[in-house]
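S.K.: Return a 3D structure for these sequence lines:
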Amino acid sequence: MAKAKIRYECGSCGAIHSSWSGKCSSCGEWNTIQQQLDVASADISKGGRSLHASVISEVAKKSADVKRISSEDSQLDTVLGGGFVPGSVLLLAGQPGIGKSTILMQIAGAVSRKVGVLYVSGEESAHQVASRASRLKAVNDDLKLASSTSADDIAKTILEDDYDVVIVDSIQTLHVEGIASAAGTVSQITNSTQLLTKAAKQSNTVLILVGHVTKEGSIAGPKVLEHSVDAVLQFEGDRYGGFKVLRTVKNRYGSTNEAAIYEMEEDGLKPVLNPSAALLAERQVVDGSIVLATMEGTRPVLVEIQALVNKTSYGYPKRAASGFDLNRLNLLIAMLERRTKLVLNDKDIYINVVGGIAVNEPASDLAIAMAIGSATKGLQLKKNAVVFGELGLSGEVRHVAHIEKRVAEAKKLGFEAAIGPKPKSRMKEPMLSSVPDIRSALNNFLEKE
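M.R.: Here you go, the predicted structure:
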């Protein structure tokens, strides 16, 4: 096959140029022209041919017979939708030091006992990777290691050698021959991903790519990187301790509502089977402490919400949150001042979600608001209860999903009551105390020690 030609395309307007320049002559933007392989230069009328269409029912039947490859981790298999699909391409992203290489080495060591696995490192030498494998007890004769930054060499290995799973750490270190730009640039990441994806699809190989993230937390590189792969897995949590959550942002072969929870130990990442009990093990019942029944995917998890309210020493009160969105916190504080008798405009307010778990769902609103009210007045919950519910700007408590699962998890851990919205269904649960608005919740369920 003739070598593909090089073209220069503006990333802003898409204009094609014959050579590189600092400024696009079409849109006037600077430093947007990238080097690309011209794969569309062939004459369609001469080189194209009619497609062979298949009956979709026959294709669906064959797809249903494809056996997935288990990761040997029940939580991860659930997140993936049942395991790795042969020929699929996955992107794993997360903060530096979060445990991406650790979990991939554990997966490689476990899966290689059943199928052929190749671990390719572009950041470390083979000796460094082998040292990590020894520490994680993932060493076996069936796991192969390699160190390379050439996407062409890796693609050729995928096509010619008999590997069922190939792990590449990381995509930002690879380069394609014929592209003059440095590794990690938009053109190199785009072309490397396309080259490896094509090889994985042709050879029916599971390809797992590691992706770096920017300071803002988004995946480094072009957005086309996320569009090109079949699944995007995000590793979240505190890199220095606490629980780490693995969830899918995109998944063509399963749900994006599942999550796996891990804890870093000396011999690697271990799945947490009962995160609620672990998160509440050291809880002290004091003012400002409220237990939230949240959801991680389809799994209920009980976490402790802590609030600290102090009189401010400055003209403008400070608001800070760990594990909770600061903009949402400011909105809830404004609603509390308007809809209740709490005076918060001269108070510093600090919110902490214990355990390093980030709470993003709207059902956390009621727990956050009650924690602030409890800390402000020095009150505690009357009952040993969990709290959940979304709050509107009028102070009303709105319906949330999975009420039954949240109440069942609270029962399992010995809680006596649950405070939340009125369920839409005819569910009869004596443990659930429904509240119409935030004022009722604060007045009826908070008391002095």
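
S.K.: max-length helix in this protein?
M.R.: Determined from DSSP state H, the single longest helix within the chain is helix 186-203.

S.K.: what lines up beside the helix or strand following it in the sheet?
M.R.: Moving toward the C-terminus from helix 186-203, the next helix or strand (DSSP states H and E) is strand 206-211. Strands that pair with strand 206-211, judged by DSSP bridges, come out as strand 89-94 (parallel), strand 165-169 (parallel).

S.K.: per the record, what domains does this structure have?
M.R.: Under the assignment automatic domain parsing, the domains of the chain span 5-40, 68-273, 277-447.

S.K.: can you pull out the helices in the chain?
M.R.: 44-47, 56-64, 74-80, 100-111, 126-135, 151-160, 186-203, 224-228, 275-279, 326-339, 365-377, 403-412, 438-445.

S.K.: Of the ones you listed, which is nearest residue 430?
M.R.: Smallest distance to residue 430 across the helices of the chain (C-beta to C-beta): 10.1 Å, for helix 403-412. Every C-beta, even on glycine, is put in place using the N, C-alpha and C of the backbone.

S.K.: so what does the closest one touch, helix or strand wise?
M.R.: Counting contacts by 3 or more C-beta pairs under 8 Å, 6 or more residues apart in numbering; DSSP states H and E, helix 403-412 is packed against strand 289-296, strand 299-311, strand 385-387, strand 417-420.

S.K.: For residue 54, which of the domains of the chain is the nearest?
M.R.: Among the domains of the chain, domain 68-273 comes nearest to residue 54, with 16.5 Å by C-beta to C-beta.

S.K.: picking up where we left off before, closest one to residue 267 among the helices of the chain?
M.R.: Closest approach to residue 267 among the helices of the chain is made by helix 126-135 (7.2 Å; C-beta to C-beta).

S.K.: Now tell me what touches that closest one from outside.
M.R.: Residues from elsewhere that reach helix 126-135 (C-beta atoms under 8 Å, 6 or more residues apart in numbering): 101-102, 105, 108-109, 119, 121, 139, 143, 145-147, 267-268.

S.K.: Quick check: of those, which lies closest to residue 351?
M.R.: Nearest to residue 351 out of the contacts of helix 126-135 is residue 102 (C-beta to C-beta; 30.1 Å).

S.K.: So what's the residue count around that closest one?
M.R.: Residue 102: 21 surrounding residues under other C-beta atoms under 10 Å.

S.K.: Isn't it up against residue 270?
M.R.: No: using C-beta atoms under 8 Å, residue 102 makes no contact with residue 270, being 10.8 Å away.

S.K.: From residue 385, how far out is residue 367?
M.R.: 10 Å (C-beta to C-beta, to the nearest Å).

S.K.: Between those two, which contacts overlap?
M.R.: residue 291.

S.K.: Those two - which one has more neighbours?
M.R.: Taking other C-beta under 10 Å, residue 367 and residue 385 do not tie; residue 367 has more neighbours (29 against 21).

S.K.: residue contacts, that one?
M.R.: Residue 367 is in contact with 290, 291, 292, 305, 387, 388, 389, counting by C-beta under 8 Å, 6+ apart.

S.K.: And the residues you listed, which is closest to residue 115?
M.R.: Nearest member of those to residue 115, counting by C-beta to C-beta, is residue 292, at 41.1 Å.

S.K.: Could you list everything the closest one pairs with in the sheet?
M.R.: Applying DSSP bridges to residue 292 gives these bridge partners: residue 303, residue 387.

S.K.: Isn't residue 257 up against residue 298?
M.R.: Yes: shown here, residue 257 and residue 298 form a contact pair, counting by C-beta under 8 Å, at 5.7 Å.
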